[in-house]
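In: The following block contains a protein sequence and its predicted model.
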Amino acid sequence: MEQETMKKKWVSVEDILIAYRHLKEVVAHTPLQLNQRLSEKYEADIYLKREDLQHVRSFKLRGAYYSMKLLWEMGLDHGVVCASAGNHAQGVAYACRQLGVYGKIFMPATTPGQKISQVEMFGREFVEIILVGDTFDDSYREAQQCAEKEGREFIHPFDDEKVIAGQGTVAVEVLNDCQDSVDFLIASIGGGGLMAGVSTYIKSVSPTTRLIGVEPCGAASMNAAFEQNSVIPLKEIDTFVDGAAVKCVGSKTYEICKENVDR
């Protein structure tokens, strides 16, 4: 029974393909570009997946919108709430406006002004921004309390099957657009949602591809989890790389990455 429960947490290739079909008309199919400078420097064909050209300049739109769309179909009478250091907030704000859902967005007080302005622009009258605490984890606690108090749906930035499936659609586009076999796929890790989704799809469709996660030295929470064989919060983090500064990765994302990520 315990093994069955664990398997239910995992996202399948089918889940990611369903998410891909839902998102095809919503997100931008961003280019996979050969980078000449890096390719020459490392004597390899190095491609960049240009999610910086996504509608909200981040892959985070994929998971946020997909999760909210499925919840919206069941009814979101009390709205949504999320916590984010910036990119997930923009995705949620974009989805709120597109779906006509009201949301509260908790962000660290240290969030750069540019990201706050972007959230306001994407969400407009459909979102309320609350700045609290110094880190994502501070905002996360406040957002969860708001969800319980006001009956809002909490849109997790990474440790949610629907969000993971949405982020995994990045890998669908990568393999569809790349004519050559992919030897390595390197992706960032904050809470682990992107790598959990991407690795699930890649390891099933292209099992010889090696998956490598990259974290800030000052917030290497997935690496710490790998070393400890369990999810343990870091005591302190450096928030310089604000989009990936997470004290503790998700339990679901850790389980998936432990299974699929090479290092």
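Out: All right, it came through fine.

In: now the strands: where do they sit in the stretch 151-263 of the chain?
Out: 153-154, 184-188, 210-214 (DSSP state E, counting those that start in this stretch).

In: Tell me which of those strands approaches Gln33 most closely.
Out: strand 184-188 (14.9 Å; Cβ to Cβ). Glycine gets a C-beta too; all of them are placed from N, C-alpha and C.

In: Counting by contacts, list what the lengthiest helix in the chain packs against.
Out: When the chain is parsed with DSSP state H, its longest helix is helix 161-177. In terms of contacts (3 or more Cβ pairs under 8 Å, 6 or more residues apart in numbering; DSSP states H and E), helix 161-177 is packed against helix 13-23, strand 32-34, strand 47-49, helix 60-74, helix 193-205, helix 251-260.

In: Now do the helices in the stretch 1-150 of the chain.
Out: Under the criterion DSSP state H, counting those that start in this stretch, the stretch 1-150 of the chain contains helices at 2-9, 13-23, 36-42, 60-74, 87-99, 113-123, 136-150.

In: Next, the buried residues of the shortest one.
Out: What that stands for is helix 36-42. Counting neighbours by 16 or more other Cβ atoms under 10 Å, one finds that helix 36-42 has no buried residues.

In: Surely Thr110 touches Asp238?
Out: No. Contact criterion Cβ atoms under 8 Å: Thr110 and Asp238 do not qualify, at 11.7 Å.

In: Could you count how many residues lie near Thr135?
Out: 19 (other Cβ atoms under 10 Å).

In: That one touches Glu236, doesn't it?
Out: No. Assessed by Cβ under 8 Å, Thr135 is found out of contact with Glu236, at 9.6 Å.

In: pLDDT score assigned to Val249?
Out: Looking at Val249, its pLDDT stands at 97.

In: And for it, the neighbour number?
Out: Val249: 30 surrounding residues under other Cβ under 10 Å.

In: contacting residues around it?
Out: Val249 makes contacts with 158-159, 189, 191-192, 221-222, 225, 231, 257, as judged by Cβ atoms under 8 Å, 6 or more residues apart in numbering.

In: May I see the PyMOL selection of the buried members of the residues you listed?
Out: Here is the PyMOL command that selects the buried residues among those (16+ other Cβ under 10 Å):
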select buried, resi 158+159+189+191+192+221+222+225+231+257
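
In: In helices only, show me the contacts of Val249.
Out: Judged by DSSP H, those include 221-222, 225, 257 as members of helices.

In: As TSV, these with distance to Asp177 and pLDDT would be great.
Out: As requested, the ones in helices among the contacts of Val249 are exported to TSV (distance: Cβ to Cβ, whole Å; pLDDT from 0 to 100):
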residue	distance to Asp177	pLDDT
Ser221	31	97
Met222	27	98
Ala225	31	97
Cys257	24	98
